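Novice: have a look; sequence and predicted model below, questions after that.
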Amino acid sequence: MIEITNLTKSYGPNKGVFDLSFNVNQGEVFGYLGPNGAGKTTTIRNLLGFIHPDKGSCVIDGLDCHKDAATIQKKLGYLPGEIAFFDDMTGDEFLRLMAQMRGLKDTKRQSDLINLLTLDTKGYIRKMSKGMKQKLGLVCAFMHNPDILILDEPTSGLDPLMQSIFVELIMEQKALGKTVLMSSHSFEEIERTCDRAGIIREGRLVAVENIQTLKAERRKIYQITFQNPEEAKLFAKDYEDVVEVSGQIVDAAVSGEVGKLIKVLATFDVVGLDVVNQSLEDVFMHYYNRSDIDD
Amino acid sequence: MISLPLLRATIKQNYKVFIIFLAVLTLYFVVIAQMFEPSVYESMDQLMQTLPIQLIDAVGLKIAEPSLIGYLAGYYYGFLIVLLPLIYSIIVANRIVAKHVDKGSMAYLLSTPNKRVKIAMTQGVFLLGSMTLMILFVTVMGIISCEIIYPGELDIPRFVLLNFGALLLHSMLSGIGFLASCLFNDTKNSLGFGAGFPIFFLLVQMLLNANERLSNLRYLTLLTLFNPEAIIGGTASVLPSFIAMFLLAVILYGGAVLIFSRKDLSI
């Protein structure tokens, strides 16, 4: 459905994207992961036809992303990474303008989405919070029931409840056989929704993996709080992959199966057990090491 | 080839500033026209004599002939009719394209099934249309004001021709602003270029008016193409400059749309 072939768009050394190739198949939810400035948005700008590739091509549904940009938009829902609207409009006015420019008559889906996301469209956009603006963008992207969705950091600014609703929305789209490409710098977000993920760094694609494979390879850190420092030390001796011991708190790492850790823990009095949220950088570092890619 | 919903939205965003300029243009016109009383005319003359001649010349306050139209051509069409609509076009031209790209709202417009050419043409139609409406308003308002204050005094055909010249001038000048707005991805450059050139033209024009020895400078400004005294004096000599302004307007607007449809957008 989405085909990117040898795409190069350079903004200087390591800025932009370089010789990028990947496909997103029909009915697939594809996660596009990378730290800020890695080239995610540059890729998406190419897909939307906003910029011309130096080399290579982007094709969506058999159409060239630059030449046929306007035709592609009929079937495409797009959420820009930067939230910028017409400030002097109300939410309603903006959605009406977007619907009219699409030639969209049926606004049933639009009002359903507004209810689902609990969006207040009455007020002026410039007075809306970041989360509200993001919801407005999501309504815009989904309101015409597009076959293909390209979402640039869709959950930024959304609270956890809304993030869950968003995940449901994506699952619903997936069930309907829609194709989704979403970029993110949060592994958790991608993990919950995507079938496959591409990881980009400094403009180059370092991996395209099945999400299950990525999960399996991922090393998670658990923070365990023991009764006292002595117990913590004892545990540190028993468990093989300990990252850090500080007083009664131990950071233990798990790659793949968590069962091993639980077995060891069963013999101790555990006061607390938390998952340490790893930044994407950490996840990458681990991934790169596993794939023997020089850092 | 234009998007009506977008045109409506653009009108809604800009009609206030448009009306303000109409009000200012009307105010100045009525005040200046009022002063055409022959006795006041004399005192105006005396006032002028107290001012340095270079200053008067610089702002183009020359009286070609002692009729009402000659008076208006000098006092209103010499400077104000150039400056005021120019400020309007600089503000609006920057707002309708470059600002959307700079802020990122252009991404939403282009995520609808509308070609870039269509988006740019819609905005161009708005700018050119509102300039036309503005000059048309001045023409009608001018005729009505003159008929009320000095019934039968105004040479209407020549007044209409004078305004037609002003319309061509502003089609060309707004084209510069529009081209800048379509060319640059940020408002800083768009405004700098879109306002810079016309202001440079205006300064050159003022130098030209003030000092005849600098007449070679006339090739550096496009404003010399609009010469109110020549227009009311006779039509034969102004036809080439009218054609030149028209062609430049077509080139600037056409070029702007073409550039916008092809360039890389940072949105």
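Specialist: Sure thing, it's come through. In this text, all values refer to a predicted model and were calculated from it rather than measured experimentally.
Novice: how about the residues of the stretch 101-250 of chain A by chain B?
Specialist: Within reach of chain B by C-beta under 8 Å from any C-beta of the partner chain, the stretch 101-250 of chain A has these residues: A:101-103, A:140-141. Yep, even glycine has a C-beta here, placed from its N, CA and C like the rest.
Novice: closest to A:Asp19 among those residues?
Specialist: Using C-beta to C-beta, A:Ala141 comes nearest to A:Asp19 of these, at 29.0 Å.
Novice: what about B:Leu207, helix or strand, and which?
Specialist: In the assignment (DSSP states H and E), B:Leu207 maps to helix B:187-210.
Novice: give the next helix or strand downstream of that helix.
Specialist: Once the chain leaves helix B:187-210, the next helix or strand it forms, by DSSP H and E, is helix B:228-233.
Novice: contacting residues around the helix or strand following that next one?
Specialist: Where DSSP H and E defines the elements, the next helix or strand beyond helix B:228-233 is helix B:239-262. Residues outside helix B:239-262 that contact it (C-beta atoms under 8 Å, 6 or more residues apart in numbering or on different chains): B:97, B:115-117, B:119-121, B:124, B:128, B:164-165, B:168-169, B:171-172, B:175-176, B:178-179, B:181-183, B:222, B:224-227.
Novice: ok, 7 Å please
Specialist: Contacts with helix B:239-262, where a contact means C-beta atoms under 7 Å, 6 or more residues apart in numbering or on different chains, come from B:97, B:116-117, B:120-121, B:124, B:128, B:165, B:168-169, B:171-172, B:175-176, B:178-179, B:182-183, B:225.
Novice: do stretch B:151-170 as well
Specialist: B:67-69, B:73, B:77, B:81-82, B:85, B:89, B:131-132, B:135, B:138-139, B:142-143, B:146-147, B:225-226, B:228, B:231-232, B:235, B:238, B:242, B:245-246, B:249.
Novice: please pull out the lowest mean pLDDT helix or strand from the chain.
Specialist: Here I'm looking at chain A. When each helix and strand of chain A is scored by mean pLDDT, DSSP states H and E, helix A:280-290 comes last, with a mean of 60.
Novice: ah, I was thinking of chain B
Specialist: Here the helix or strand of chain B ranked lowest by mean pLDDT, DSSP H and E is helix B:38-50, holding a mean of 64.
Novice: next, the buried residues of the helix or strand just after that one.
Specialist: Sequence-wise, the next helix or strand beyond helix B:38-50 is helix B:53-58, with elements assigned using DSSP H and E. By neighbour count on 16 or more other C-beta atoms under 10 Å in any protein chain shown, the buried set for helix B:53-58 is B:56-58.
Novice: which other helices and strands contact helix B:53-58?
Specialist: Under the contact criterion of 3 or more C-beta pairs under 7 Å, 6 or more residues apart in numbering or on different chains; DSSP states H and E, helix B:53-58 touches helix B:187-210.
Novice: packing partners for the helix it packs on?
Specialist: When contacts are defined as 3+ C-beta pairs under 7 Å, 6+ apart, helix B:187-210 packs onto helix B:53-58, helix B:80-93, helix B:156-183.
Novice: got the CA positions of that helix in PDB?
Specialist: Taking Å, rounded to 0.1, in the frame of the first residue of the first chain, the C-alpha atoms of helix B:187-210 are listed here in PDB:
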ATOM      1  CA  THR B 187       7.100  35.000   7.200                       C
ATOM      2  CA  LYS B 188      10.300  36.800   8.100                       C
ATOM      3  CA  ASN B 189      11.700  36.400   4.600                       C
ATOM      4  CA  SER B 190       8.300  36.800   3.000                       C
ATOM      5  CA  LEU B 191       7.600  40.100   4.700                       C
ATOM      6  CA  GLY B 192      11.200  41.300   4.200                       C
ATOM      7  CA  PHE B 193      11.100  40.700   0.500                       C
ATOM      8  CA  GLY B 194       7.400  41.500   0.000                       C
ATOM      9  CA  ALA B 195       7.700  44.800   1.900                       C
ATOM     10  CA  GLY B 196      11.400  45.600   1.100                       C
ATOM     11  CA  PHE B 197      11.000  45.900  -2.700                       C
ATOM     12  CA  PRO B 198       8.000  48.200  -2.700                       C
ATOM     13  CA  ILE B 199       9.500  50.400   0.100                       C
ATOM     14  CA  PHE B 200      12.700  50.600  -1.900                       C
ATOM     15  CA  PHE B 201      10.600  51.700  -4.900                       C
ATOM     16  CA  LEU B 202       8.900  54.300  -2.800                       C
ATOM     17  CA  LEU B 203      12.100  55.700  -1.500                       C
ATOM     18  CA  VAL B 204      13.600  55.900  -5.000                       C
ATOM     19  CA  GLN B 205      10.500  57.600  -6.100                       C
ATOM     20  CA  MET B 206      10.800  60.200  -3.300                       C
ATOM     21  CA  LEU B 207      14.400  60.900  -4.200                       C
ATOM     22  CA  LEU B 208      13.400  61.300  -7.900                       C
ATOM     23  CA  ASN B 209      10.700  63.700  -7.000                       C
ATOM     24  CA  ALA B 210      13.000  65.700  -4.800                       C
END
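Novice: angle of it against helix B:156-183?
Specialist: Angle, helix B:187-210 to helix B:156-183, by axes from the mean of the first three to the mean of the last three C-alpha atoms, to 10 degrees: 140 degrees.
Novice: using PDB, write out every CA atom in stretch A:245-252.
Specialist: Taking Å, rounded to 0.1, in the frame of the first residue of the first chain, the C-alpha atoms of stretch A:245-252 are listed here in PDB:
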ATOM      1  CA  VAL A 245      22.000  -2.100  43.800                       C
ATOM      2  CA  SER A 246      21.300   0.900  46.000                       C
ATOM      3  CA  GLY A 247      20.300   0.100  49.600                       C
ATOM      4  CA  GLN A 248      17.200  -2.000  49.600                       C
ATOM      5  CA  ILE A 249      16.400  -1.300  46.000                       C
ATOM      6  CA  VAL A 250      17.700  -3.400  43.100                       C
ATOM      7  CA  ASP A 251      17.400  -2.800  39.400                       C
ATOM      8  CA  ALA A 252      17.300  -6.100  37.600                       C
END
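Novice: point out where the stretch 51-200 of chain B drops to low pLDDT.
Specialist: Low-confidence segments of the stretch 51-200 of chain B (pLDDT under 70): B:59-66.
Novice: whichever residue of it sits closest to chain A - how many residues pack around it?
Specialist: Relative to chain A, the nearest point of the stretch 51-200 of chain B is B:Gly104 (3.4 Å; C-beta to the nearest C-beta). Residues contacting B:Gly104 under the criterion other C-beta atoms under 10 Å in any protein chain shown number 17.
Novice: all set now, cheers.
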